[in-house]
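Student: structural data only, the sequence is not supplied:
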């Protein structure tokens, strides 16, 4: 099932911005369970933190305008969020 239909996109985005409103703990539990099942069944790699956690800097530190502008688009896959570490 694609990530969008499974509810992975926007998992930690607050409901008022179009997401599911789950917290980081709930997202981590879901990712852990996904990894456990996929490893057991030798399926594709787990849905990584690239799907779930990149919106977090905007959620925690973004202005209200930034949140209203981008979070609904990320939650509904009109924009992709990304974190780059260097």
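Tutor: On my side now, so go ahead. Being a predicted model, the structure only gives us computed values, none of them experimental. Numbers count the residues shown, from 1 in each chain.
Student: C-terminal to the one helix or strand in the chain whose mean pLDDT sits lowest, what's the next element?
Tutor: None of the helices or strands of the chain scores lower by mean pLDDT, DSSP states H and E than helix 3-6, at a mean of 51. Reading on from helix 3-6 to the C-terminus, the next helix or strand found by DSSP states H and E is helix 24-41.
Student: return the set of buried residues in that following helix.
Tutor: 27, 30, 31, 34 (16 or more other C-beta atoms under 10 Å). Heads up, the C-betas are built off the backbone N, CA and C, glycines and all.
Student: so which elements touch it?
Tutor: Packed against helix 24-41, as judged by 3 or more C-beta pairs under 8 Å, 6 or more residues apart in numbering; DSSP states H and E, are the following elements: helix 49-52.
Student: what sits up against whichever helix or strand comes after the helix it packs on?
Tutor: The helix or strand immediately downstream of helix 49-52 is helix 56-61, counting by DSSP H and E. Helix 56-61 is touched from outside by 12, 13, 14, 24, 66, 67, 70, 71, 81, 83, with contacts defined as C-beta atoms under 8 Å, 6 or more residues apart in numbering.
Student: so what's the most centrally placed residue in the chain up against?
Tutor: Central residue of the chain (C-alpha atoms, centre = their mean): residue 52, 2.3 Å from the mean position. With contacts defined as C-beta under 8 Å, 6+ apart, residue 52 is in contact with 8, 11, 12, 27, 30, 31.
Student: one step back: which of the contacts of helix 56-61 count as buried?
Tutor: Among these, those buried by neighbour count (16+ other C-beta under 10 Å) are 12, 13, 14, 67, 70, 71, 81.
Student: what does the average pLDDT come to for stretch 14-31?
Tutor: For stretch 14-31, the mean per-residue pLDDT is 87.
Student: returning to what we had before: nearest to residue 40 among the buried ones among the contacts of helix 56-61?
Tutor: Of all the buried ones among the contacts of helix 56-61, residue 40 sits closest to residue 12, with 25.4 Å by C-beta to C-beta.
Student: once you drop chain neighbours, what's closest to that closest one?
Tutor: Distance criterion C-beta to C-beta, 6 or more residues apart in numbering; nearest residue to residue 12, sequence neighbours excluded, is residue 27 at 5.1 Å.
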